[in-house]
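# Requesting a structural model of the entry that follows:
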Amino acid sequence: MELADRTIGLLLTVTSLSIFTYYTFWVIILPLVDTDHFVHKYFLPQEYAILIPVFAGMALICLLSMFIGYVMLKSKKKKA
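Residues are numbered from 1 along each chain as shown. Next up is the predicted model:
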């Protein structure tokens, strides 16, 4: 079981570092590169750099609110 946990932890770390590196390059470095450079074909348009995190954050807040509401309702039923 310990090996599986380490593997999952490694995968999560590699995934998060990859996303962080991609997003940092996309937001900070890419605006400084000429628009006709070949590297631009590997990235979405710049407005998505704001829209994707905003929608992901909204989805996370909605899911957390639903989870908290579910836990509150479930704990209320146990007391009654």
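
# Give me the average confidence score over stretch 41-53.
Averaged across stretch 41-53, pLDDT comes to 92.

# name the helices or strands packed onto the longest helix along the chain?
In the chain, assigned by DSSP state H, the helix with the most residues is helix 48-79. Contacting helix 48-79 under the criterion 3 or more Cβ pairs under 8 Å, 6 or more residues apart in numbering; DSSP states H and E is no other helix or strand. No exception for glycine: its C-beta is placed from N, CA and C like everyone else's.

# Tell me which residues of that helix come out buried.
Judged by neighbour count (16 or more other Cβ atoms under 10 Å), helix 48-79 contains these buried residues: Ala49.

# Can we start the residue count at 6 from this point?
Happy to do that; since the first residue is 6 now, the last one works out to helix 53-84.

# So what's the gap between that helix and the chain middle?
15 Å (Cα atoms, centre = their mean, to the nearest Å).

# Same question for stretch 47-61.
Averaging C-alpha positions (Cα atoms, centre = their mean) puts stretch 47-61 11 Å from its chain's average.

# Pull the CA coordinates from that stretch and hand them back as CSV.
The C-alpha trace of stretch 47-61 is given here as CSV (Å, rounded to 0.1, in the frame of the first residue of the first chain):
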residue,chain,number,x,y,z
TYR,A,47,1.2,25.1,-28.5
PHE,A,48,-0.8,27.5,-26.4
LEU,A,49,-4.5,28.7,-26.3
PRO,A,50,-5.3,32.4,-26.8
GLN,A,51,-4.3,34.7,-24.0
GLU,A,52,-7.9,35.3,-22.7
TYR,A,53,-8.2,31.7,-21.7
ALA,A,54,-5.3,32.2,-19.3
ILE,A,55,-7.9,34.1,-17.1
LEU,A,56,-11.1,32.3,-18.0
ILE,A,57,-9.9,28.7,-17.2
PRO,A,58,-8.7,29.4,-13.6
VAL,A,59,-11.8,31.5,-12.9
PHE,A,60,-14.2,28.8,-14.1
ALA,A,61,-12.2,26.1,-12.3
